[in-house]
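A.B. asks: model this:
(one chain, ligands or ions: 1)
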Amino acid sequence: MTEHHPLRRVVITAGPTHEPIDAVRYLANRSSGRLGIALAAEAERRAWDVTLLLGPVELSPNYTQVRIKRFTTAADLQALLMTEAKTCDVLIMAAAVADFRPPSTSQGTKIRRSDGTINLVLESTPDLLAEFAASRRPGQLIIGFALESRDLLEVSAREKLARKGVDGIVANPLETMGADTIEASLIWRDAPAEQTPGPISKDAFASWLLDLVEKRQDSKEAHLPSTG
Ligand code: CTP
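C.D. replies: Numbers count the residues shown, from 1 in each chain. Presented below is the predicted three-dimensional model:
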């Protein structure tokens, strides 16, 4: 019997989205993409088949094996998830997707200077993670991220886990965005939560998280009826 490893294909999303306000301006956030980039490097090191969906960041990682597809807006990422992630075994959604965006009607021209205040109208973006999870294939493992203030960390992460229908949520405090280290919990839908041993580097975090993903896939595999 040939050995089938369940972790063949992983899709990782990373970085912010930029949502155009007009022809020259956009709404963004502080995500550097470094965490997702570190995750892709670690997955490559483990010889997984890795696709990194990467937002508008300065960094250009140099991998040898990782397939990189770039996105700018939440809508771009939505389209990429449809084409690149449908058949993956694991989706790790580390991208900081905008929750609101200007409606597309304002994007052709440049808003002119005027005295006084102006109002920016925003519409909500689709929840890409919830959407993906709602049409997932059997056996796909889906992990999201949640940035929260420390006092609400666990409660909000559990709420997101249920609302988005994913298998796990990595919860980290707001300070993580753009920082060098990360202190996180991984809240599983159906298993006890895990915690990093204090603040650790993003590379160490990547290894910590992928170990847990591997452990989970192995235990699921062990519980599957034998096909051999
Ligand atoms: N996410 C997504 N689509 C969005 C917004 C977020 O797929 N439009 C994903 C993020 O990539 C992340 C997870 O959902 O994996 C949680 O993101 P977060 O911004 O913390 O949660 P929200 O759904 O935006 O909820 P809230 O605004 O209440 O924090």
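
A.B. asks: Show me what counts as buried in stretch 60-73.
C.D. replies: P61, V66, F71, T72, T73 (16 or more other Cβ atoms under 10 Å). Yep, even glycine has a C-beta here, placed from its N, CA and C like the rest.

A.B. asks: quick one: which of these is nearest A133?
C.D. replies: For the buried residues of stretch 60-73, the residue nearest A133 by Cβ to Cβ is F71; the value is 19.0 Å.

A.B. asks: Distance of the closest one relative to K202?
C.D. replies: Distance, F71 to K202, using Cβ to Cβ, to the nearest Å: 21 Å.

A.B. asks: same check, this time on H223
C.D. replies: Applying Cβ to Cβ, one obtains 32 Å for the distance of H223 from K202.

A.B. asks: More neighbours: the two, which one.
C.D. replies: Counted by other Cβ atoms under 10 Å, H223 and K202 do not tie: K202 has more neighbours, with 20 against 7.

A.B. asks: residues from the protein in reach of the ligand?
C.D. replies: The chain comes close to the ligand at residues 74, 93, 95, 97, 99, 125, 127-129, 144-147, 160, as judged by Cβ under 6 Å from any ligand atom.

A.B. asks: Strands - which of those land there?
C.D. replies: In strands, defined here by DSSP state E, the members of the residues of the chain next to the ligand are M93, G144, F145, A146, L147.

A.B. asks: Now the longest helix along the chain: buried residues?
C.D. replies: Looking across the chain with DSSP state H, the single longest helix is helix 202-223. Neighbour-count burial for helix 202-223, counted by 16+ other Cβ under 10 Å, picks out 202, 204-210, 212-214, 216-217.

A.B. asks: and what of stretch 142-160?
C.D. replies: By neighbour count, and taking 16+ other Cβ under 10 Å as the criterion, the buried residues in stretch 142-160 are 142-148, 153-154, 156-158, 160.

A.B. asks: Return the member of the ones in strands among the residues of the chain next to the ligand nearest to A38.
C.D. replies: If you rank these by distance to A38 using Cβ to Cβ, F145 comes first, at 13.2 Å.

A.B. asks: Excluding chain neighbours, what is closest to that closest one?
C.D. replies: V170 (4.9 Å; Cβ to Cβ, 6 or more residues apart in numbering).

A.B. asks: Mind listing the strands the helix or strand where that neighbour lies pairs with, and their directions?
C.D. replies: When elements are assigned from DSSP states H and E, V170 belongs to strand 168-173. With DSSP bridges as the test, strand 168-173 is paired with strand 141-148 (parallel), strand 185-188 (antiparallel).

A.B. asks: picking up where we left off before, let me have the buried residues of stretch 142-160 in a markdown table, adding distance to N119 and pLDDT as columns.
C.D. replies: Output for these, formatted as a markdown table (distance: Cβ to Cβ, whole Å; pLDDT from 0 to 100):
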| residue | distance to N119 | pLDDT |
| --- | --- | --- |
| I142 | 37 | 98 |
| I143 | 37 | 98 |
| G144 | 32 | 97 |
| F145 | 31 | 96 |
| A146 | 30 | 93 |
| L147 | 27 | 88 |
| E148 | 29 | 88 |
| L153 | 33 | 88 |
| E154 | 36 | 88 |
| S156 | 29 | 92 |
| A157 | 33 | 93 |
| R158 | 35 | 94 |
| K160 | 30 | 95 |
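
A.B. asks: all helices for the chain, in order.
C.D. replies: In chain order, the chain shows helices spanning 34-45, 74-84, 128-134, 153-164, 202-223, with DSSP H as the criterion.

A.B. asks: Fine by me, thanks again.
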